[in-house]
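> sharing a model prediction with you, sequence too.
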Amino acid sequence: MCGIVGYIGEKQSAEVLLDGLSKLEYRGYDSAGIAVFENDVVSVVKTKGKLNNLKKKLKEDGAPIGTCGIGHTRWATHGEPSNVNSHPHSGGRVTIVHNGIIENYSTLKQELIKKGYSFLSDTDTEVAARLLDYYYDGEPLNAITAAIARFRGSYALGMLFSDYPDRIYAVRKDSPLIVGLGKGENFIASDIPAILKYTREYYLLEENEIAVITKDTIDICDIAGNAIEKEKMIATWDVEAAEKGGFDHFMLKEIFDQPKALRDTISPRLVDGLPLLDFGTTASGGFEDVERVHIVACGSAMHVGMVGKNAIEQLSRIPTEVDVASEFRYRNPVFGKNDLVVIISQSGETADTLAAQRLAKTHGVKTLAVVNVVGSSIAREADRVIYTWAGSEIAVATTKAYSVQMAVLQLLAIRLGLDKGTLSKEAARNLCSYIEKLPEAVNKLLEQKEKCHELAKVYYKANNIFFIGRGMDYAVSMEGSLKLKEISYIHSEAYPAGELKHGTISLIVKDRPVVAIATQKDLVEKTISNIKEVKARGAKILLVTRESEHIDAEIANDTILLPEFPDILMPSLAIIPLQMFAYYMAVERECNVDQPRNLAKSVTVE
């Protein structure tokens, strides 16, 4: 969840570290800090709050002078956000930054207290630092291998040992970490954007591989000390992809990135008008034997899964379940030998989702990953991978990653239908022709930007908002509600429209805003009846529906119209104005759109 960066070279490391952390602040912004070798002594500067607080402190007090250092931006797990709980943490002769959770830190802490160690913070990271110090015998590799053997949990660690001012040590398990290759300088980072300004070349560290980094060399070994030859990776992202491009916020830029992201994701996967998902097969996707599908994801990706479930069952008649990843492995799921587990994650590092994938693999079940980051943990460990070409997404609230995930699930549903023989090629080509048109249709919907802003000016003072819909519209309602609540802090809930009379309608009072989604042709009439029920009780209705639906003017106070597409693809269109509505609601309420409180972009801890 947190962001890690490290630098060693000829430049002043404090400047490089701050620059790298600015690209990683989406991973957490409860506190920030750096540790730099200054005259062969580690100097630590850290503070509570966002990175700007650290920059201000360094400007006022002076930044450490040195060319080797590590930095951290934090999303708090153990210990409240505070100066003392900020990273880096020192444990005597060892200073570290950490992304992850040491689950058995309490036991280790009690052991270390008995051995004479005392603690300043409430964090699991300080325990890790002091355990490394306890095992340190003058040889860092011995300390690292001994300490990680005791850790239970996840970690990506950047480490400085006081006796070695000319090198950085790094190791990871379950949390992401890369090693960047420069000329006369080298790097570590949680994510590629942190180093793109300096290099496009990097290594991906695997589980419990240890990197020893100097300005001229990178040596990687396993826990037994055996040297490992790594494949060099080349980042293809443009540096400008991490900039706002003239938009007020990254989120708005990323909303407007969606036509291109959809085009990049869809176009390579349509061959002769049919989906080719490229698993080394030609005519089919190799899904003929699949008897049941489990879709596992978190947050917005789980809402994609709900749309995918509907699409898969409608087109292929394969029974499909959707699980929140954090619940999946704890309910002891029942697997069949011909099941397929579909894992959805933007980062490819989501801790709960990765754990769910590993559970499926221990049962011998085939896994298919839908991820945005090439070489991520989920991608590497899956049996099959479909990459979404969304590019970098900086805003914490996902938009374009959500949309391209949905397009992939729609293509997958068509492919499954073809492989199972429940969908004709003619019907599949017709659906794919509409999928090809999605980028253009989304681009047209983005022209409603000002209308969404005007609607936000009407509704932004509300303290409670409800979203309703049926079928796929309910899944879209859940995502629309999540977008609104996470960035505007307005209490918002989504309900199946048919459930209103089973309790929820008691919450409807005069002028209570209700956003109603009605795009599914067979369900529009039913949804309109539900809208009338809440309207009769004083609700203020914002209706999202098709242009072709002739809705009586008295049904809704405000209406957003969508172009005509097949039902199964309407969620891809309905979400666009809801994203813009949520964005402008947050803007009107003067919220921090890109970095909403208490959240982080990549959830790499349970």
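All right, it came through fine. Residues are numbered from 1 along each chain as shown.

> quick check: residue 467 is in a strand.
Yes - Residue 467 sits within a strand when classified using DSSP: H, G, I helix; E, B strand; the rest coil.

> so how far is residue 375 from it?
Distance, residue 467 to residue 375, using Cβ to Cβ, to the nearest Å: 36 Å. (Glycine included, C-beta is placed from N, CA and C.)

> more crowded one of those two?
The residue with more neighbours, out of residue 467 and residue 375, is residue 467; 27 against 16, by other Cβ atoms under 10 Å.

> pretty sure the more buried one is touching residue 479, no?
No - with contact defined as Cβ atoms under 8 Å, residue 467 does not reach residue 479; the gap is 9.0 Å.

> what touches both of these two?
Counting by Cβ atoms under 8 Å, 6 or more residues apart in numbering, residue 467 and residue 479 have no common neighbour.

> tell me who's in contact with the residue nearest to residue 79 when sequence neighbours are not counted.
Nearest residue to residue 79, sequence neighbours excluded (Cβ to Cβ, 6 or more residues apart in numbering): residue 122, at 3.3 Å. By Cβ under 8 Å, 6+ apart, the residues touching residue 122 are 78, 79, 80, 85.

> neighbours around the third one, how many?
Other residues near residue 80 come to 11 when the count uses other Cβ under 10 Å.

> can you pull the contacts of it?
residue 122.

> give me the pLDDT for it.
Residue 80 carries a pLDDT value of 84.

> how about the last one?
Here the pLDDT value assigned to residue 85 is 94.

> from residue 2, how far out is the closest residue to it other than its chain neighbours?
Once flanking residues are discounted, residue 85 sits nearest to residue 79: 3.8 Å by Cβ to Cβ, 6+ apart. Distance, residue 79 to residue 2, using Cβ to Cβ: 13 Å.

> neighbour count: these two, which is higher?
Under the neighbour definition other Cβ under 10 Å, residue 79 and residue 2 were set side by side, and residue 2 has more, 29 against 17.

> in contact with that one, which residues?
Under the criterion of Cβ under 8 Å, 6+ apart, the neighbours of residue 2 are 27, 28, 72, 73, 74, 75, 87, 97, 98, 99, 190, 600.

> one more time with 7 Å, if that's ok
27, 28, 72, 73, 74, 75, 99 (Cβ atoms under 7 Å, 6 or more residues apart in numbering).

> for the stretch 301-450 of the chain, just list every one of the strands.
In the stretch 301-450 of the chain, the segments counted as strands under DSSP state E, counting those that start in this stretch are 320-324, 339-345, 366-371, 384-387.

> and the second one, what does it pack onto?
Read that as strand 339-345. If you count contacts as 3 or more Cβ pairs under 7 Å, 6 or more residues apart in numbering; DSSP states H and E, strand 339-345 packs onto strand 292-297, helix 299-316, helix 351-362, strand 366-371.

> repeat the analysis, applying 8 Å as the threshold.
In terms of contacts (3 or more Cβ pairs under 8 Å, 6 or more residues apart in numbering; DSSP states H and E), strand 339-345 is packed against strand 292-297, helix 299-316, helix 351-362, strand 366-371, helix 400-420.

> any idea how far the first one is from the middle of the chain?
On the basis of Cα atoms, centre = their mean, to the nearest Å, strand 292-297 is displaced by 18 Å from the centre of the chain it belongs to.

> and if you look at stretch 119-138?
On Cα atoms, centre = their mean, the centre of stretch 119-138 falls 30 Å from that of its chain.

> now the end-to-end length of that stretch.
22 Å (Cα to Cα, to the nearest Å).

> buried residues in that stretch?
Neighbour counts using 16 or more other Cβ atoms under 10 Å place 121, 123-136 of stretch 119-138 among the buried residues.

> now swap in stretch 509-524 and tell me
Those buried within stretch 509-524 under the rule 16+ other Cβ under 10 Å are 512, 513, 514, 515, 516, 517, 518, 519, 520, 523, 524.

> can you redo these as CSV with distance to residue 415, pLDDT and secondary structure?
Output for those, formatted as CSV (distance: Cβ to Cβ, whole Å; pLDDT from 0 to 100; DSSP: H, G, I helix; E, B strand; the rest coil):
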residue, distance to residue 415, pLDDT, secondary structure
512, 42, 90, coil
513, 39, 93, strand
514, 37, 94, strand
515, 33, 96, strand
516, 32, 95, strand
517, 27, 97, strand
518, 29, 96, strand
519, 24, 96, coil
520, 22, 94, coil
523, 26, 92, coil
524, 29, 90, helix
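
> tell me which two of those residues sit farthest apart.
Across the buried residues of stretch 509-524, the longest distance by Cβ to Cβ is 24.1 Å; it joins 512 and 520.

> nearest to residue 463, of the helices and strands packed on strand 339-345?
helix 299-316 (23.1 Å).

> what's that closest one packed up against?
strand 292-297, strand 320-324, strand 339-345, helix 400-420, helix 472-488.

> for these, which one ends up most surrounded?
strand 339-345 (a mean of 28; mean count of other Cβ atoms under 10 Å).

> quickly run through the sheet partners of it, with directions.
Next to strand 339-345 in the sheet, as set by DSSP bridges, lie strand 292-297 (parallel), strand 366-371 (parallel).

> figure out which of those is closest to residue 22.
The nearest among those, by Cβ to Cβ, is strand 366-371 at 24.7 Å.

> list the buried ones in that closest one?
Result for strand 366-371 [16+ other Cβ under 10 Å]: buried residues 366, 367, 368, 369, 370, 371.

> what of stretch 499-512?
For stretch 499-512, using 16+ other Cβ under 10 Å, the buried residues are 500, 504, 505, 507, 508, 512.

> the second one against residue 494, yeah?
Yep, that's residue 504 we're talking about. No - taking contacts as Cβ under 8 Å, residue 504 lies outside contact range of residue 494: 10.2 Å.

> what touches both of the two?
residue 466.

> how far does stretch 189-203 sit from the chain's center?
The answer for stretch 189-203 is 18 Å, by Cα atoms, centre = their mean.

> just the strands in the stretch 1-150 of the chain please.
Using DSSP E, counting those that start in this stretch, strands in the stretch 1-150 of the chain cover 3-8, 31-38, 41-48, 68-74, 89-90, 94-102.

> single out the most deeply packed of those strands.
strand 3-8 (a mean of 32).
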